[in-house]
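In: structure here, sequence nowhere to be found:
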């Protein structure tokens with residue numbers, strides 16, 4: 001299994017940053033290759049993600065479910081996607097927390 005982990009430090013107080021990080025449309029607009037296509041009232045979001053690894057480029061469409069704990073400023077994310085190509089079948093799953 002491949003694991004990708006990245007951490008960044010934001011030089012602002014959490015109460016100033018959390019409103020932006022808890023808005024999926026804002027977060028998606030900051031991720032190169034990500035597009036939010038549909039937002040649900042129940043925490044489900046649909047979108048596409050274009051990923052490039054060296055010379056290989058893949059585009060996935062999928063769904064993510066976000067669960068927020070605003071008091072603790074945490075978000076759990078569970079997502080899954082399928083590659084948008086007819087001849088090749090690739091699937092992916094992801095889970096994480098902020």
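Out: Perfect, I can see it now. Note that the structure is predicted; figures quoted are calculated from it, not measured.
In: any idea which helix or strand of this protein has the worst average confidence?
Out: strand 91-97 (a mean of 63; mean pLDDT, DSSP states H and E).
In: average model confidence for the helix ranked longest in the chain?
Out: Secondary structure of the chain per DSSP state H: the longest helix is helix 14-21. Averaged across helix 14-21, pLDDT comes to 92.
In: who does the next helix or strand after it touch, helix- and strand-wise?
Out: Using DSSP states H and E, the helix or strand that follows helix 14-21 in sequence is helix 24-29. Helix 24-29 sits against helix 14-21, strand 34-39, with contacts defined as 3 or more C-beta pairs under 8 Å, 6 or more residues apart in numbering; DSSP states H and E. Where you see a C-beta, it was placed from the backbone N, CA and C, and this is true even at glycine.
In: one more time with 7 Å
Out: Under the contact definition 3 or more C-beta pairs under 7 Å, 6 or more residues apart in numbering; DSSP states H and E, helix 24-29 sits against strand 34-39.
In: from the contact counts, what lies against the helix or strand that comes right after the strand it packs on?
Out: The helix or strand immediately downstream of strand 34-39 is strand 44-53, counting by DSSP H and E. With contacts taken as 3+ C-beta pairs under 7 Å, 6+ apart, strand 44-53 sits against strand 34-39, strand 56-69.
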